[in-house]
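Asker: Here is my input; please provide its structure:
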Amino acid sequence: MGFEIIDYVVFGLYCVIIMAIGLYLSRDEKGHEKTANDYFLAGNSLSWWAIGASLIAANISAEHFIGMSGSGFAVGIGIAAYEWLAAVTLILVAKYLLPQMIDKKIYTIPQFAKERYGKGVSFFFSFFWLLVYVFVNLTSVAWLGALAMEGILGWPMIYCVPGLLIFAGIYSIYGGLKAVAWTDVIQVVFLVGGGLITAFFALSAVAGDEGGAFEGFMIVLNKVREVPSDLHFSMILEEGVSEIPDGSGGTKDPFIDLPGLAVIFGAMWLTNLGYWGFNQYIIQKGLAAKNLKEAKRGLIFAGYLKILIPIIVIIPGITAYVMFNHPDLSHSIEGLSGTIDKADQAYPWLLRNFAPTGIRGLAFAALIAAVVSSLASMLNSTSTIFTLDIYKDIINPEASQKQLVRIGRIAAFIALVIAVFAAKPLLGGLDQAFQYIQEYTGFIYPGVVVVFGMGILWKRATNRAALWTTIATLPTGIAFKLMLPDLPFIIRMGYVCMVLISLAVILVLTDSHKTQAPEVTPENRKKLRTAGLGFAIGAVVTLVSGLLFGTEWFGMSLRNIGFHSIFMMTFMMVFLSIIMYTNADSKTQDDKAYSFEPELFKTDKTFFLGAMGIVVIIVALYAIFWQ
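Answerer: Below you'll find the predicted structure:
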């Protein structure tokens, strides 16, 4: 049931195409030597379709094909919240965050921190991101990709982990972001097309000889819904209704991973805003746009691609779950190769058994495309942060353009080597690596969103407030983890965010501001006050709702579906209301404050229609799969 010659030919052709394009784009044009802008921001040459494709190629990796498919097998469609809410988040980032960054000609997120706050905050976040990229992102993506290669081809993981990292490193280290972004355009065709093909054949296998993929999907849906306690097609999970394997021989409540309404009201917004708005290897694609208009449209395009991802990775995982748990579908698994001992083995098992010869090579190329494109983006962004925010800023401020490019390549190579040796110790014993990634990146996202959000939006935000909020981020997250180890991490992140918001507001409002704030026009003052009032009303509504349905005080508690997570939304609304009112009326501001001009956030009709289309689709999907 392994690969045939034609599968190897198809996969080999993919490798040759990507490597050839990557190396071709990596070359220096005659008479032109790469500058830092060329290497780290592709010379600001990316169009909207390249931005959108590169964003998704960088985002979708083995953690989706293997990890998210494994979570689909273990938990169900609820894990799609990460994808569908991310599509909405991309609208917010495109409209409110990216315009400020492009307007200020930002290269890196730590650079933004330095210009807005000072070197202390910048160094902390440079250090945080480097740790996350090397020890969480690079290791997890390489490990999961190697796991897939072992499951499908039988190749030892000891060779697959370095092989994937080296493949991604050859053209990304040499060519920089331009090589990464334009190869991503090809990669996204492979990963979307190949992923859809795998889902098609797996669902067709469920339907048998007489049916197709749609009939197979309806069978899978009906089989799940025959069992009231089976939540595999429920977006909103209830506590204590079902159990899933925990990877160590026991069971756990899936509510721990996806606590009901907390995915809508709670800290999943922090994860998405932190990832899509302030994550270097993601936002770097938007910063490399030809102009702001192209950047915004690229993010909207990426939003539509995100809506497709659950079809590509989660539905196959649920399909494998149904095959193994419904004996009357034995025709689907009889005589097939291998089994699924851990949830993360679901996608390799499907690909090995249901993709036909030739197509199997294409589908496998899609999986590897997702892995390689993400690794390439992470390597490039790791080198960007180290080179521009640590080497140039601290070690050698007088470095030439040639030196910066050389140091960037060396930094990426060192990150690659560390990831090779760190992958197995960190991920070797996990059942659902996707949840590992979300939880441990979640330790820094509350601080990232509070510090960078107020840096962009609040003219009174100060270095002292940002620095102490940054310093408090990890200890607060660890303290809550130790005090409330059984609390779902999404809800726990919300509590951390509430503490950090409180700390930031107190520090900002008690800081002295000696710089005179520019006069706000009457029109802009009215807009800011109106926004402040709207957020204040939202705070009251969420607070009252939380007291009624998020506590036991009034006998209407919905804590079993995570309604108490709405209190984080209350804090966020209060935070934004304070920002809007003080921006409108304060006579002083921080001496490094960015000008807050509502005009900068204007969008055209194309953006509006694209954004509304995403919102309508997401609302419809939630309505269909609510419970």
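Asker: Where does the closest residue to residue 422 other than its chain neighbours fall, secondary structure wise?
Answerer: Among residues not flanking residue 422 along the chain, residue 139 sits closest, at 5.0 Å (Cβ to Cβ, 6 or more residues apart in numbering). Heads up, the C-betas are built off the backbone N, CA and C, glycines and all. Using DSSP states H and E, the element containing residue 139 is helix 139-153.
Asker: right, and the helix or strand after that helix?
Answerer: Downstream of helix 139-153, the first helix or strand assigned by DSSP H and E is helix 157-175.
Asker: Pull out the buried positions in that following helix.
Answerer: If you call a residue buried by 16 or more other Cβ atoms under 10 Å, then helix 157-175 has these buried ones: 157, 160-165, 167-175.
Asker: And for stretch 359-377?
Answerer: Buried-residue list, stretch 359-377, by 16+ other Cβ under 10 Å: 359-377.
Asker: for the helix holding residue 139, packing partners?
Answerer: Packing partners of helix 139-153 (3 or more Cβ pairs under 8 Å, 6 or more residues apart in numbering; DSSP states H and E): helix 62, helix 157-175, helix 346-354, helix 359-385, helix 401-427, helix 433-441.
Asker: Present those helices as JSON lines; the columns should include mean pLDDT and distance to residue 149.
Answerer: Listed next are the helices and strands packed on helix 139-153 as JSON lines, based on pLDDT from 0 to 100; distance: least, Cβ to Cβ, whole Å:
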{"stretch": "helix 62", "mean pLDDT": "68", "distance to residue 149": "10"}
{"stretch": "helix 157-175", "mean pLDDT": "81", "distance to residue 149": "4"}
{"stretch": "helix 346-354", "mean pLDDT": "80", "distance to residue 149": "8"}
{"stretch": "helix 359-385", "mean pLDDT": "81", "distance to residue 149": "8"}
{"stretch": "helix 401-427", "mean pLDDT": "82", "distance to residue 149": "13"}
{"stretch": "helix 433-441", "mean pLDDT": "63", "distance to residue 149": "15"}
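Asker: just for this structure, where's the confidence low?
Answerer: Within the chain, the segments meeting pLDDT under 70 span 1-2, 26, 28-44, 62-63, 210, 245-250, 327, 329-335, 426-440, 596.
Asker: what about the longest helix in it?
Answerer: helix 292-325 (DSSP state H).
Asker: ok and that one relative to helix 346-354, angle-wise?
Answerer: 70 degrees (axes from the mean of the first three to the mean of the last three Cα atoms, to 10 degrees).
Asker: Figure out how far helix 292-325 is from the centre of its chain.
Answerer: Chain-centre distance of helix 292-325: 12 Å, with Cα atoms, centre = their mean, to the nearest Å.
Asker: Ok, stretch 464-477 next?
Answerer: Remark: stretch 464-477 is offset 22 Å from the chain centroid, using Cα atoms, centre = their mean.
Asker: What is the neighbour count of the nearest residue to residue 267 once chain neighbours are set aside?
Answerer: Nearest non-adjacent residue to residue 267, counting by Cβ to Cβ, 6+ apart: residue 493, 3.5 Å away. For residue 493, the neighbour count with other Cβ atoms under 10 Å is 30.
Asker: Identify the residues contacting residue 493.
Answerer: By Cβ atoms under 8 Å, 6 or more residues apart in numbering, the contact set of residue 493 is 266, 267, 270, 271, 442, 445, 446, 477.
Asker: Among the residues you listed, which ones are in helices?
Answerer: Using DSSP H, the contacts of residue 493 in helices are 270, 271, 445, 446, 477.
Asker: Let's see if you can find the most crowded of the residues you listed.
Answerer: Within those, most neighbours by other Cβ under 10 Å means residue 446, with 29 neighbours.
Asker: does that one really touch residue 474, like I thought?
Answerer: No. If you go by Cβ atoms under 8 Å, residue 446 and residue 474 don't touch, sitting 10.1 Å apart.
Asker: what's the helix or strand for the residue nearest in space to the middle of the chain?
Answerer: Geometric centre of the chain, nearest residue: residue 275, 4.8 Å, by Cα atoms, centre = their mean. Using DSSP H and E, residue 275 sits within helix 268-278.
Asker: got the CA coordinates for that helix in CSV?
Answerer: Taking Å, rounded to 0.1, in the frame of the first residue of the first chain, the C-alpha atoms of helix 268-278 are listed here in CSV:
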residue,chain,number,x,y,z
MET,A,268,-9.1,32.6,21.1
TRP,A,269,-9.3,36.2,19.8
LEU,A,270,-6.0,36.8,21.6
THR,A,271,-4.4,33.8,19.8
ASN,A,272,-5.7,35.0,16.5
LEU,A,273,-4.8,38.7,16.9
GLY,A,274,-1.4,37.8,18.3
TYR,A,275,-0.7,35.4,15.5
TRP,A,276,-2.1,37.3,12.5
GLY,A,277,-1.4,40.8,13.7
PHE,A,278,1.9,40.7,15.6
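Asker: Tell me the helices and strands packed up against that helix.
Answerer: In terms of contacts (3+ Cβ pairs under 8 Å, 6+ apart), helix 268-278 is packed against helix 81-92, helix 280-287, helix 433-441, helix 445-457, helix 489-510.
Asker: looking at these, which is closest to residue 602?
Answerer: With Cβ to Cβ as the measure, helix 81-92 is the member of these nearest residue 602 (14.4 Å).
Asker: any idea of the angle that closest one forms with helix 268-278?
Answerer: Helix 81-92 runs at 50 degrees relative to helix 268-278, counting by the same axes, to 10 degrees.
Asker: and for helix 81-92, what are the contacting residues?
Answerer: With contact meaning Cβ under 8 Å, 6+ apart, helix 81-92 is reached by 68, 235, 258, 263-264, 268-269, 271-273, 275-277, 299-300, 302-304, 306-307, 309-310, 438, 611, 614-615, 618, 621-622.
Asker: Centre of the chain to it, how far?
Answerer: Using Cα atoms, centre = their mean, the offset of helix 81-92 from its chain centre is 9 Å.
Asker: One more: stretch 503-522?
Answerer: 32 Å.
Asker: Over to stretch 13-32?
Answerer: Remark: stretch 13-32 is offset 28 Å from the chain centroid, using Cα atoms, centre = their mean.
Asker: Would you mind listing the buried residues in that stretch?
Answerer: Quick answer for stretch 13-32 (16+ other Cβ under 10 Å): 14, 18, 21, 22, 25, 26.
Asker: Could you export those residues to JSON lines, including columns for secondary structure and distance to residue 451?
Answerer: Formatted as JSON lines, the buried residues of stretch 13-32 follow (DSSP: H, G, I helix; E, B strand; the rest coil; distance: Cβ to Cβ, whole Å):
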{"residue": "14", "secondary structure": "helix", "distance to residue 451": "41"}
{"residue": "18", "secondary structure": "helix", "distance to residue 451": "37"}
{"residue": "21", "secondary structure": "helix", "distance to residue 451": "38"}
{"residue": "22", "secondary structure": "helix", "distance to residue 451": "35"}
{"residue": "25", "secondary structure": "helix", "distance to residue 451": "35"}
{"residue": "26", "secondary structure": "helix", "distance to residue 451": "35"}
